[in-house]
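>>> Give me a model of this one.
(2 chains)
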Amino acid sequence: MRLFAGQRAWVLQRASALVLLVLLALAAAVLLVGPPVSYARWHALATSSHGAVLIVVFFGAMCLHGWIGARDIVLDYVHAPALRLALLTLLAVLLSAILVRVVLTIAAQLPGAA
Amino acid sequence: MRISIYRFNPETGAKPRMQDYELAPEAGDRKLLDVLMRLKTVDDSLSFRRSCREGVCGSDAMNINGRNGLACLTSLAGLREPVVLRPLPGFPVIRDLVVDMTQFFAHYHSIKPYLINDALPPERERLQSPEQREKLNGLYECILCACCSAFCPSFWWNPDKFIGPAGLLQAYRFIADSRDTATAERLAFLDDVYRLYRCRTIMNCTEVCPKGLSPSHAIERIRLALLRQSS
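As a prediction, this is how the structure comes out:
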């Protein structure tokens, strides 16, 4: 349980927030500079090698940040062990599902995917 | 002067209630504690702690008009009426304004609030440079009144596991002390999801400290010390 507890969780929460901030600023810059936003442009950005990696990194950081933040809320407010375990499990499954879905969606769109 | 005070007597089994008093302060009355002591002569069933009456012992901490403070340091001038007095929030009430501080002091003792140095003591004393001594300013002055911990939502949520701002301020007082050699052990003890990291930097502790100290700053320094130690 030391993996995301104590100081490590505190550092990871701030590091992931920084990653989210930088990537959001980057996305805003890409959208504001260059041709108007269209599906074709979005698709091209998301399926470029850099774009795909950055999207996966973004959602990875979001899930990590969300896990630590929501876990803190559960630790603060939910004191019944069974309910706490159920909520944390639900949260872990939800965030993992989001991440898996993102990776699969991006992988399916990459050039060369069947 | 109108005062509304939380009353609870476990011996009667009655539910807690607010009791209203009306009392005219006399010429020498300057602080809220003066009025409370005068009130005690009128109603001797009213219970509250007090000792030094000058902000040193910290025993008359209570919730005054929704804000924790020391009755002996709270001036009557400017107090909104009726003055609503309640026991420190989040603490078990023993009677009226008297709360059970057992858990608060258990947390305080858990951080080993004493110098640890196994080296052979020098002939006279362990000296500090003025710079080293300067680091203890803003830390050693804590009187353990519990105003900060009792105003901290994180402490309300996990009073049995979170050390709380007062205990963490004291913990940093010994981490920052150049004469203490147990810094690594102290930091290892605090590196815990509950003991230190329940602090959500709400900063009520700093806002309410009657001695003007900043427990939230001390907590931040502990986090940075942990970061430095691990890097």
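
>>> Helices of chain B, start to end?
In chain B, the helices defined using DSSP state H lie at B:32-42, B:102-110, B:130-134, B:153-157, B:164-175, B:183-190, B:204-208, B:215-230.

>>> Helix or strand next in line after the lowest-mean-pLDDT helix or strand in chain A, which one?
Using mean pLDDT, DSSP states H and E, helix A:39-47 stands out as the lowest-scoring helix or strand of chain A, at a mean of 85. The C-terminal neighbour of helix A:39-47 among helices and strands, as given by DSSP states H and E, is helix A:49-77.

>>> circling back: just name the most buried of the helices of chain B.
helix B:164-175 (a mean of 26; mean count of other C-beta atoms under 10 Å in any protein chain shown). Placement of C-beta: from N, CA and C, glycine included.

>>> What about contact with chain A: does that helix have any residue there?
No - Helix B:164-175 stays clear of chain A (C-beta under 8 Å from any C-beta of the partner chain), getting no nearer than 13.9 Å.

>>> what's the angle between that helix and helix B:183-190?
160 degrees (axes from the mean of the first three to the mean of the last three C-alpha atoms, to 10 degrees).

>>> Can you tell me what sits against helix B:164-175?
For helix B:164-175, contacts defined as C-beta atoms under 8 Å, 6 or more residues apart in numbering or on different chains pick out B:104, B:107-108, B:110-116, B:136, B:139-140, B:142, B:144, B:146, B:148-149, B:152, B:154-155, B:163, B:180, B:182-183, B:186-187, B:190, B:196, B:199, B:205, B:213, B:215-216, B:218-219, B:221-222, B:225.

>>> before we move on, back to that, now for the least confident helix or strand of chain A, which elements pack on it?
Helix A:39-47 makes packing contacts with helix A:49-77, helix A:81-109 when contacts are defined by 3 or more C-beta pairs under 8 Å, 6 or more residues apart in numbering or on different chains; DSSP states H and E.

>>> which residues are contacting that helix?
Helix A:39-47 is contacted from outside by A:V30, A:G34, A:P35, A:G51, A:A52, A:I55, A:I106, A:Q109, A:L110, A:P111, using C-beta under 8 Å, 6+ apart.

>>> In PyMOL, how would I select just the buried ones from the residues you listed?
In PyMOL, a selection of the buried entries from those looks like this (16 or more other C-beta atoms under 10 Å in any protein chain shown):
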select buried, chain A and resi 51+52+55+106
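
>>> if we take the contacts of helix A:39-47, which one ends up nearest to chain B?
Closest approach between those and chain B, by C-beta to the nearest C-beta: A:I55, at 29.9 Å.

>>> my read: that closest one touches A:L99, true?
No - the pair A:I55 / A:L99 is not scored as a contact, 11.2 Å apart, by C-beta atoms under 8 Å.

>>> For residue 62, give me its contacts.
No chain was given, so I picked chain A. A:M62 makes contact with A:S16, A:L20, according to C-beta under 8 Å, 6+ apart.

>>> other chain: chain B
Taking C-beta under 8 Å, 6+ apart as the test, what B:M62 contacts is B:F48, B:N68, B:G69, B:A71, B:L85, B:R86, B:P87, B:L88, B:L97.

>>> So in terms of bridging, what pairs with it?
B:M62 has these beta-bridge partners by DSSP bridges: B:G69.

>>> From B:A166, how far out is the residue most central in space within chain B?
Geometric centre of chain B, nearest residue: B:A146, 2.0 Å, by C-alpha atoms, centre = their mean. Distance of B:A146 to B:A166, given as C-beta to C-beta, to the nearest Å: 6 Å.

>>> Which neighbours do those two have in common?
Common neighbours of B:A146 and B:A166 are listed as B:F104 (criterion: C-beta under 8 Å, 6+ apart).

>>> Contact residues of chain B facing chain A?
Contacts of chain B with chain A, taken as C-beta under 8 Å from any C-beta, map to B:154, B:157-158, B:191-194, B:196-198, B:200, B:223, B:226-227, B:230.

>>> 7 Å - rerun?
Residues of chain B lying close to chain A by C-beta under 7 Å from any C-beta of the partner chain are B:W157, B:N158, B:D191, B:D192, B:V193, B:Y197, B:R223, B:L226, B:L227, B:S230.

>>> can you put the contacts of B:M62 in TSV and add pLDDT and neighbour count?
Formatted as TSV, the contacts of B:M62 follow (pLDDT from 0 to 100; neighbours: other C-beta atoms under 10 Å in any protein chain shown):
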residue	pLDDT	neighbour count
B:F48	97	21
B:N68	98	25
B:G69	97	20
B:A71	97	24
B:L85	98	24
B:R86	98	19
B:P87	98	25
B:L88	98	23
B:L97	97	25
